[in-house]
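Participant: using only what follows, build the 3D model:
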Amino acid sequence: MKRTAVNPWDWSLKLGYNQAEIIEGPSRQLIVSGQTAVDEHGAPQHIGDMRGQIDLALTNLEAVLADANMDLSHVIRLGIYATDVDEAMKNFDLLGMRFGPVHNAPPMTLLGVTRLALPDLKFEIEATAAA
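Facilitator: Numbers count the residues shown, from 1 in each chain. As a prediction, this is how the structure comes out:
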């Protein structure tokens with residue numbers, strides 16, 4: 001699979017994402033539903049703790065990717081939902097810590113929402129991956 005970043009401006013690179021990417025030649029694509037801060041039984045964790053929720057949501061995303069024989073380097077798009085955008089952005093270094101080592105800056109969208117599926121959840125991340 002060949003990936004070509006498209007960035008008419010460089011400001012988004014400072015935030016850790018490309019404006020767009022051209023994806024050529026993938027043989028497999030994985031659509032990942034929104035991952036949140038829940039345990040293996042679906043019970044919310046890190047209640048009231050945005051940083052803890054982001055960290056666990058990323059861990060859960062990595063688990064889904066691994067089960068499909070992929071990792072964060074295969075992610076080609078992210079959709080992020082947060083009940084407090086300012087608080088989420090304060091903790092976006094967690095995304096950099098995960099995606100930086102695999103040299104991946106996938107295009108992403110961050111949306112503020114009034115609530116998520118379970119009232120105790122503050123952060124959700126969905127992904128598209130390809131290999």
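
Participant: by mean pLDDT, point me to the weakest helix or strand of this structure.
Facilitator: Of all helical and strand segments in the chain, the minimum by mean pLDDT, DSSP states H and E falls on helix 11-14, at a mean of 88.

Participant: okay, now the sheet partners of the helix or strand that that helix is followed by, with direction.
Facilitator: For helix 11-14, the succeeding helix or strand toward the C-terminus, using DSSP states H and E, is strand 20-24. Sheet pairing of strand 20-24 (DSSP bridges) gives strand 2-6 (antiparallel).

Participant: contacts made by the least confident helix or strand of the chain with the rest, please.
Facilitator: Helix 11-14 has contacts (CB atoms under 8 Å, 6 or more residues apart in numbering) with 7, 18-19, 105. Yep, even glycine has a C-beta here, placed from its N, CA and C like the rest.

Participant: centre of the chain to it, how far?
Facilitator: Taking CA atoms, centre = their mean, to the nearest Å, the mean C-alpha location of helix 11-14 is offset from the chain mean by 16 Å.

Participant: for it, buried residues please.
Facilitator: Ser12 (16 or more other CB atoms under 10 Å).

Participant: put the alpha carbons of that helix into CSV.
Facilitator: Extracted C-alpha coordinates of helix 11-14, given in CSV (Å, rounded to 0.1, in the frame of the first residue of the first chain):
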residue,chain,number,x,y,z
TRP,A,11,-0.4,23.8,10.3
SER,A,12,-2.1,20.4,10.8
LEU,A,13,1.2,18.6,10.8
LYS,A,14,2.0,20.5,14.0
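
Participant: out of the contacts of helix 11-14, grab the one that's most surrounded.
Facilitator: Ala105 (21 neighbours; other CB atoms under 10 Å).

Participant: great, nothing more from me.
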